[in-house]
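Participant: Next one to model:
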Amino acid sequence: MVADWLRRPDAGLPDEALLDRKAADFLALARRLTAPMGEAAIRRLRGEAAKAIAAGRFTDADKALAQAELSAIGGSTDLSALPLERRLLIGENRADRAALSFLRTTPEAYREAAARYGEASALIGLADIGRSRHVAHEQAKALRRISEDFGGRDGYDAAIASLRRLLEGLGSLADAVAFATAQEALSAALDGLAALGGEAKLSREALRHCRAGLENLRHDEAPALWRALKLRRGRLAVALGIAEMDESLLEEAILSYAGALALWQRSDDEAGWLEAEHMIARARAALGGQRGDLALLERAFNGLDRVARATDRSRDPMRWAALQDQMGGVLAAMGERYSESVVIEEAIAAFAAALEEHRQDRVPLLWAQTLANQAEAMLQLARRNKDTRLTQQALGQLMTATETARGAADGGAVAADLQKRLAAAGAAVAKMVGG
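Facilitator: Residues are numbered from 1 along each chain as shown. So this is what the prediction gives:
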């Protein structure tokens with residue numbers, strides 16, 4: 001499986017997420033191949049396929065499954081005339097051949113898997129509508145993963161088209177779970193496509209599909225699906241709300257995450273729960289900053305602090321540093337509303353902690369952004385204390401951050417933002433000195 005990946009020109013090592021997905025795909029197929037299905041001859045052939053994939057002989061496994069399929073067909077030239085249970089058997093076997101193709105790590109193998117899943121869904125058809133839909137979702141997943149694993153937008157485009165067709169035959173009231181499943185898959189594909197080009201309209205469309213999926217879905221009907229929709233809805237609303245300074249979207253994000261967290265035991269999924277806690281804190285921080293709402297800012301800081309305390313710095317230093325940076329931002333916003341300077345000083349200290357990991361030699365853009373954040377907090381403190389020396393130091397940091405971003409690879413957008421912040425800081429200092 002990994003050999004296919006490594007044979008690609010200029011291929012790097014596969015990341016942990018890809019390896020985890022492939023391991024799960026392999027184990028799921030191995031379980032299905034050893035489960036009883038069909039008569040003795042078919043079971044024997046499927047057992048041979050299971051042994052072949054365990055030995056890495058995927059071609060032999062496919063040959064065994066093809067023979068099992070022929071045995072199930074039994075010489076019939078019109079598959080539509082076969083009994084439903086026989087069509088179901090053939091369709092399930094074809095789905096397993098699709099899963100076998102999907103074990104390979106090449107775009108061509110993923111496309112073959114998608115085509116076979118489409119055939120399997122059609123073969124199963126009315127024999128088991130629910131299973132047919134599930135296999136159609138597997139087809140869309142294989143298409144989506146072309147883009148996720150190999151880049152480009154072709155896989156996303158094909159997955160989106162496939163899921164739109166699937167949704168045409170579904171209604172939220174007739175089958176809320178099936179409808180919500182398709183909406184969640186479509187939202188995921190649109191979300192991935194939006195991330196490729198930063199297209200906000202695609203993110204908004206993905207958000208609309210999350211809302212549609214949740215409209216008539218109860219938590220008790222499909223807890224995992226309900227939670228997935230809530231979390232994606234919250235994440236999309238946070239990103240759009242921050243980018244567009246839209247308070248209603250930030251409120252929606254907070255409500256969505258709060259709903260998910262209310263029915264979620266932290267012990268069930270520590271990493272997922274902490275990510276949700278992190279995102280609701282970000283939404284509260286953004287909304288609290290826009291409204292000047294100290295209570296929201298305090299809740300945001302407490303949430304970020306909980307996540308930071310649970311994050312192992314030695315194992316995930318970049319996540320720990322990002323949390324320190326975000327806590328610094330919240331403390332700086334809170335400092336505007338406190339008469340004492342201690343909160344601003346804590347913000348400066350939090351940014352300093354982040355800079356221990358956001359090092360210039362390793363992550364110059366993150367270093368520049370955190371350095372600029374700290375400089376703005378220093379200016380805030382300097383204005384309050386009328387400290388000319390600290391003012392000059394802060395302006396120097398902002399200039400250094402801007403120049404570093406300008407010289408970094410792909411640093412144009414960050415440099416432009418920092419240049420605006422430097423100009424605004426300079427104007428504020430000139431006004432302060434003039435006053």
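Participant: Residue ranges in the stretch 201-350 of the chain under the pLDDT threshold?
Facilitator: Segments of the stretch 201-350 of the chain classed as low confidence (criterion: pLDDT under 70) are not present in this model.
Participant: Show me the strands in it, by range?
Facilitator: Per DSSP state E, counting those that start in this stretch, the stretch 201-350 of the chain carries no strands over any range.
Participant: for it, what spans make up the helices?
Facilitator: 223-244, 247-262, 270-291, 294-310, 317-335, 342-357 (DSSP state H, counting those that start in this stretch).
Participant: deepest of these, which one?
Facilitator: With neighbours defined by mean count of other C-beta atoms under 10 Å, none of the helices of the stretch 201-350 of the chain is more surrounded on average than helix 317-335, at a mean of 23. No exception for glycine: its C-beta is placed from N, CA and C like everyone else's.
Participant: helices and strands around it, which ones?
Facilitator: helix 270-291, helix 294-310, helix 342-357, helix 364-385 (3 or more C-beta pairs under 8 Å, 6 or more residues apart in numbering; DSSP states H and E).
Participant: which helices and strands sit right next to the shortest one?
Facilitator: Using 3+ C-beta pairs under 8 Å, 6+ apart as the contact criterion, the secondary-structure elements in contact with helix 342-357 are helix 317-335, helix 364-385.
Participant: how about those, which one is nearest residue 5?
Facilitator: helix 317-335 (24.5 Å; C-beta to C-beta).
Participant: I'd like the distance between the residue lying closest to residue 87 once chain neighbours are set aside and residue 91.
Facilitator: Of all residues not flanking residue 87 in the chain, residue 127 sits nearest, at 5.0 Å (C-beta to C-beta, 6 or more residues apart in numbering). From residue 127 across to residue 91, the span is 7 Å (C-beta to C-beta, to the nearest Å).
Participant: how far away is the closest residue to residue 252 other than its chain neighbours from residue 172?
Facilitator: Spatial nearest neighbour of residue 252, chain neighbours left out: residue 237 (4.6 Å); criterion: C-beta to C-beta, 6+ apart. Residue 237 sits at a distance of 20 Å from residue 172 (criterion: C-beta to C-beta).
Participant: what do you get for residue 280?
Facilitator: Look at residue 280 and residue 172: by C-beta to C-beta, they are 26 Å apart.
Participant: before we move on, what about residue 219?
Facilitator: Counting by C-beta to C-beta, the gap from residue 219 to residue 172 is 16 Å.
Participant: Give me the mean pLDDT for stretch 358-375.
Facilitator: Averaged across stretch 358-375, the pLDDT comes to 96.
Participant: And that stretch, what's buried?
Facilitator: Judged by neighbour count using 16 or more other C-beta atoms under 10 Å, the buried positions of stretch 358-375 are 358, 360, 363-375.
Participant: Name the surrounding residues that touch it.
Facilitator: For stretch 358-375, the surrounding residues in contact (C-beta atoms under 8 Å, 6 or more residues apart in numbering) are 318, 321, 325, 328-329, 332, 348, 351-352, 354-355, 394-395, 397-398, 400-402, 404-405, 407-408, 410-411, 414, 418, 421, 425.
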